[in-house]
Structures are given as structure tokens and as C-alpha cells.
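Asker: Quick one, structure for this:
(2 chains)
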Amino acid sequence: MKQKIRIAAGQGFWGDLPDAPVRQVEGGPIDYLMLDYLAEVTMSIMQKQKARDPNAGYARDFVPLMLRILPTCVERGIKVTANAGGVNVRGCANAVIDVARELGLSGKVRIGIVTGDDIMPRLDDLLSRGIELRNMDTGEPLSTVRDRIQSANAYLGAWPIVEALKTGAQIVITGRATDTGLTLAPIIHEFGWAENDWNRLAAGTIAGHIIECGAQASGGNCQFEWRSIPNLADVGFPIVEASPDGTFVITKHERTGGWVVIPGIKEQLVYEMGDPREYITPDCVADFTTIQLEYEGRDRVRVFGIEGRPATEFLKVSISYSAGFKAVGTLVYSWPDAYDKAQAADRVLRARLDRLGLKFDQVLTEFVGASATHGPLAGPPRSDVPEVQLRVGVRGQDRNAVERFTKEIAPLILTGPPAVTGFAGGRPKVEEIVAYWPALIRKEEITPSVEVLDA
Amino acid sequence: MKAQLVKLAHARSGDKGDTANVGLIALSDEIYPILVREVTAERVKQHFKGICHGKVERFELPNLGALNFLLHESLGGGGTLSLMTDAQGKTFSTALLRMEIEVPDDLIFG
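Answerer: Numbering: from 1, shown residues only, chains lettered A, B, ... in the order given. The predicted structure follows:
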């Protein structure tokens, strides 16, 4: 058994720095590359793509990335875990197989696919059996939005990925799998941890939580002494160096920018946290109040002492549904009296919307440069503020009303308060709102499926 | 004396649906108990008046010298429904750091 394995984070979200995974593979020794592609509503975008083209519906960026890094991964024995499969895991795997063949790596790469997360085709069956899939936030049953659902997936944990690795997969592609599972699975696999080894599973889960947002653990978006953070232009993404006893070190490749410091790790630990004693994943319940941190050298933070508890009987389900339309328009007003002018323009715009009789669920006005981020806490802006951006958003069920709103922004330039600019982008776009519906389902309803394909 | 949290702590915030979470981290071990005493859920609710429309919950992480706050009904519906510039609550962290609290006169900052 190895005494240390290195798992590198390559993407903090779908759309993160395109070269980050390449730099992780080429910048120093690693055993695994972990890539998280799926935000909460990404699945619905992929469902739409698949409806138009049965070969689509996965994170397309993953395929050209594999073209770049697969030869190095094969040469150095680096394995990849990625939830790039979206709603078409097999399609994604086939595209990677094509890449492997194109690179002359046939017979040298095995690709594991994890499916069983997609419950979209089973929704009516589940609902008819009294499984209500109530919204975890509002308590409403799913039946209230049944006809507007666009995707429905259970979050799978680490174990199906472990099975794929055991079967010899070098690249494991999943659909909706937890970000933490993508990191935990390689550790379980390499060290042979048991399914009820709750403290260690919690440790591997917290390791995953720390690196799942990419450079946010290695100097990005770090408030602590942010001016002192070296060379963010060349920021190194975080790496977990895991040990069989469940302790691990967070680090990054040498000669990269950013930093790995205890205050920065603390910031990432509290990110998107709920009750710190109950960080619930499919694999365990991790207790963040047991985490201990210490330095083990420059850009090396050791994490230890972690305790966990048994996993719950449930999996989280992420459902997306169509929830109306929205649009946001902006204009910039300059000194003198920039804030007063922006406020006056908002009154003119709202009077016109009223006169048109347009109905919206919400109209929100913000003044960027005055109060858009901190609201009333910011206090009134300085009277000589050089410019203020008026930002008005509307949301409603009637697409035509939202469309009509977008035609009322530009005319304010010639028909409203003076010294206004900033309309180079043209008319605001109407966006369909795809909203998120979190729910729980009993684990026995979901059967993950694992298959390993030869390239 | 009074001191603003920005001199005593750093923070990171994020979202879960319509709830913003703010993790507030003391800059030193001496500061953490002062945060526990002064930065109560009630005070945070009062601080975010007009922004947070639901309840505020507080959790303690003495091992990290940190407090975690959940600010319910704060993100204009949350996620893709929200029309806010900061629909993900990313700047709630610095908004909390505006708060002023009572600290001992001889406190050494961070």
C-alpha cells in the first residue's frame, strides 16, 4: 500500500481556468486529478443540449482537456475522477475513447462510468408511490412543479467511483456525484478504508471540501492579508496529500503563485457551511468542529483530528424546473449628482412600466457604486461620487412582459435624466429561469451502476 | 472601546438557496471569545436589517476560532431566481465586517 497519495484539484467550477488541470498534471508529482464540473443548475442545461442532440449533454470541455493531458496521465500513471458526464455519461466516455484512439493509446486506457443518478425517467413512478420529493427549503411537494421539471438527479457518493477504480479504471466519469466523493474515492481505494470507518471517511470528505473550489483554498478570494498573497497571476491549485491514518496535508506545486496558509484554509472550511457538526454527504456525516490545523512547512498545512458519524439513510436529489423569465438592464450616470440622477431614472422607468400595465413577480433596483453589495449598511454615497450604475432587474411568468421591459432601458438615454452612458451591450437579454429544487430520497431507491470500458 | 470587526476578524460567505452563510474567523486566539460574546445571532440579525428577512442562526467552531452564521431569506429567492448583483451572497462576509463591537481597552489587534 502506498503511504501517501496526492490528489490535485483541476477545476473549481465549470468554466474555471482552462489551463489549471494541465498545470496540475505537468507541474509536479500527483497520483489523481479531480475535476468538478457540475453546479446546481448545470444538469438542466445539459438536459436541453441532449434533447437537441442525443450525443450531447455532458461537460464538453472535458474532451479537449483529455486530448491535452491523456498522454502524460498514461505515462505517469495519473488517474482522473470527474463528474463531467452530466446527463450523458456514456456519450462523454465514448468521446474520451475516441480521443484515446486518436492519440494511439488504444488498449492503454480503461474508462469507468458511473450512472444511476438520473431519476428523471422515474419521477412519475416515484411520485405515484407516495415519494413526494418535498423541497428541503420550503417543504412543498414536487407535484406543484411537476409539469415544469427539466432534470432530476440523485447525488451519488464515493463508493461507485471506488468500485470503478477497483475494476481498473484510469479515468472515472460520473454524472451527478458529490464534489467531495471525487476526492474521497481515490483515498478509500488506495488505502482500503472500510465503509463504516466514519472518522477516516469524514477526513477524506473534508479534504474534498477544501479543494473542491480550486484555488479558493490556495490564495484565490482570500481576505486574510490579501495584498501579501504572492503572484496570483500564476496561482497554483490545491493538492491533497493523504495518509492512510486519515490525516492529510493541503499543499500546491512548487514554483506556483498563491499560498496555502492556515487562515486561507479556515476561510475555505467555512465556505457554504451549514451546521458545522453535520456536514452530510452520501458517505458519512463529517464534524467540522473536530478539525485541527498546523503548519508543516511553507505552503503546507496539515489537517488532523477529524471525527465523523454514520451516513444518513438518504441521498440528496437535485431537481431543476422552469420558473419564469428574467432580464437585467444597466445604465451609468456620472458626476455631478450621479446617485440622484440614477434614482430619478429609476422613478421614470418604474412609472413607464406601471403605465404599460406590465406585471412582474419582482422588480429590483440596485445602485452599483452606492449600495448594490452592502445595501443600507453602506450608508448614503458621497455627494461627489464620480459615477453610479443603475441596475434594474425584473422577473415574472410572462415572457412578453419581460421582453417589453428590455425595450424601456435604452430610451432612458434620450428621455431621462442627463449625463448617462454605458449602453454598449445593446438591449438586455431575456433569460429563462431554471430554478433549483433540493429534495431527499431514501438510498434504497437509487442503484448506482458501474461499468468499465476499454479504449 | 469600540472596534470594527474588520480589524478583528476575516470572513468568507456563500449561499445555499435563499440562505447566506457567513463564516467569521478571529485573527487571534484572544479575539475569539470576544466574538463569541459580542457577535450574537440577535446582533447579526439587527445588523442585516432590511437585508436578512428571516431568522439568523449561529454555530461555534472553537477549533478554528470561527463562528458560522446562517442568514435565512436574504438572497432575493436565491440561485437563479435572484435578481441581486450578489445572488450568491459572496459579499455578505465583508458586510458583516462593518459591525462595531465592544472590546477591552488593552486588546492587541490580530
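
Asker: where do the helices sit along chain B?
Answerer: Taking DSSP state H, the helices of chain B run over residues B:31-38, B:41-47, B:92-96.

Asker: Tabulate those helices (a markdown table), appending distance to chain A, mean pLDDT and mean neighbour count.
Answerer: All C-beta atoms are positioned from the backbone trio N, CA, C, and that covers glycine. As requested, the helices of chain B are exported to a markdown table (distance: least, C-beta to the nearest C-beta, whole Å; pLDDT from 0 to 100; neighbours: other C-beta atoms under 10 Å in any protein chain shown):
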| stretch | distance to chain A | mean pLDDT | mean neighbour count |
| --- | --- | --- | --- |
| helix B:31-38 | 12 | 98 | 17 |
| helix B:41-47 | 7 | 98 | 16 |
| helix B:92-96 | 5 | 98 | 24 |
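
Asker: got any ranges where chain B has weak pLDDT?
Answerer: Within chain B, the stretches with pLDDT under 70 are B:110.

Asker: Run through the bridge partners of whatever residue of it ends up closest to chain A.
Answerer: Proximity to chain A, evaluated over chain B using C-beta to the nearest C-beta, is greatest for residue B:23 at 2.3 Å. Beta-bridge partners of residue B:23, counted by DSSP bridges, are residue B:12, residue B:68.

Asker: Helix or strand with the lowest mean pLDDT in chain A?
Answerer: helix A:42-52 (a mean of 86; mean pLDDT, DSSP states H and E).

Asker: so does that helix get close to chain B?
Answerer: No: judged by C-beta under 8 Å from any C-beta of the partner chain, helix A:42-52 and chain B are separated, with a smallest distance of 9.4 Å.

Asker: Tell me the buried residues in that helix?
Answerer: A:42, A:43, A:44, A:45, A:46, A:47, A:48, A:49, A:50 (16 or more other C-beta atoms under 10 Å in any protein chain shown).

Asker: try stretch A:17-37
Answerer: Within stretch A:17-37, the residues that qualify as buried are A:17, A:20-25, A:27-28, A:30-37, counting by 16+ other C-beta under 10 Å.

Asker: And stretch A:342-358, by the same measure?
Answerer: Buried residues in stretch A:342-358 (16+ other C-beta under 10 Å): A:342, A:343, A:344, A:345, A:346, A:348, A:349, A:352, A:353, A:358.

Asker: ok so, going back, and the least confident helix or strand of chain A, what does it pack against?
Answerer: Applying 3 or more C-beta pairs under 8 Å, 6 or more residues apart in numbering or on different chains; DSSP states H and E, one finds that helix A:42-52 contacts strand A:149-154, strand A:314-334.

Asker: Return the helix or strand that it is followed by as CSV; C-alpha atoms alone will do.
Answerer: Downstream of helix A:42-52, the first helix or strand assigned by DSSP states H and E is helix A:62-76. Extracted in CSV, the C-alpha atoms of helix A:62-76 (Å, rounded to 0.1, in the frame of the first residue of the first chain):
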residue,chain,number,x,y,z
PHE,A,62,-13.5,17.7,-20.7
VAL,A,63,-12.9,16.1,-24.1
PRO,A,64,-10.3,18.6,-25.5
LEU,A,65,-8.7,18.7,-22.0
MET,A,66,-8.2,14.9,-22.2
LEU,A,67,-6.7,15.3,-25.6
ARG,A,68,-4.1,17.6,-24.0
ILE,A,69,-3.3,15.6,-20.8
LEU,A,70,-4.1,11.9,-21.5
PRO,A,71,-0.6,11.1,-22.9
THR,A,72,1.0,12.5,-19.7
CYS,A,73,-1.5,10.8,-17.5
VAL,A,74,-0.9,7.4,-19.1
GLU,A,75,2.9,7.9,-19.0
ARG,A,76,2.9,8.8,-15.3
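
Asker: Who does the next helix-or-strand element following helix A:62-76 pair with, and is each partner parallel or antiparallel?
Answerer: Toward the C-terminus, helix A:62-76 is succeeded by strand A:79-82 as the next helix or strand (DSSP H and E). Strands that pair with strand A:79-82, judged by DSSP bridges, come out as strand A:32-35 (parallel), strand A:171-174 (parallel).

Asker: Output these as JSON lines; include the columns mean pLDDT and distance to residue B:49.
Answerer: Shown next, in JSON lines, are the strands paired with strand A:79-82 (pLDDT from 0 to 100; distance: least, C-beta to C-beta, whole Å):
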{"stretch": "strand A:32-35", "mean pLDDT": "98", "distance to residue B:49": "41"}
{"stretch": "strand A:171-174", "mean pLDDT": "98", "distance to residue B:49": "44"}
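
Asker: Among those strands, which comes closest to residue A:141?
Answerer: Smallest distance to residue A:141 across these (C-beta to C-beta): 28.5 Å, for strand A:171-174.

Asker: Residues contacting the closest one, please?
Answerer: A:62, A:66, A:73, A:79-85, A:89, A:92-93, A:96, A:109-115, A:117, A:156, A:160-161, A:164-165, A:182, A:185 (C-beta atoms under 8 Å, 6 or more residues apart in numbering or on different chains).

Asker: now do stretch A:141-152
Answerer: For stretch A:141-152, using C-beta under 8 Å, 6+ apart, the contacting residues are A:43-44, A:46-48, A:87, A:118-120, A:123, A:127, A:132-135, A:317-323, A:434, A:437, A:439.

Asker: and the buried residues of helix A:42-52, which two are the farthest apart?
Answerer: Using C-beta to C-beta, the buried residues of helix A:42-52 span at most 12.5 Å, a distance reached by A:42 and A:50.

Asker: Output the helices and strands packed on helix A:42-52 in JSON lines, with mean pLDDT and mean neighbour count appended to each entry.
Answerer: Converted to JSON lines, the helices and strands packed on helix A:42-52 look like this (pLDDT from 0 to 100; neighbours: other C-beta atoms under 10 Å in any protein chain shown):
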{"stretch": "strand A:149-154", "mean pLDDT": "94", "mean neighbour count": "24"}
{"stretch": "strand A:314-334", "mean pLDDT": "96", "mean neighbour count": "21"}
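
Asker: The residue of the stretch 251-400 of chain A found nearest chain B and residue A:56: what is the separation?
Answerer: Going by C-beta to the nearest C-beta, chain B is nearest to residue A:270 of the stretch 251-400 of chain A, at 2.3 Å. As for residue A:270, its distance to residue A:56 is 37 Å (criterion: C-beta to C-beta, to the nearest Å).

Asker: returning to what we had before: now the least confident helix or strand of chain A and strand A:314-334, what's the angle there?
Answerer: 90 degrees (axes from the mean of the first three to the mean of the last three C-alpha atoms, to 10 degrees).

Asker: In helices, which of the buried residues of stretch A:342-358 fall?
Answerer: Counting by DSSP H, those place A:342, A:343, A:344, A:345, A:346, A:348, A:349, A:352, A:353 in helices.
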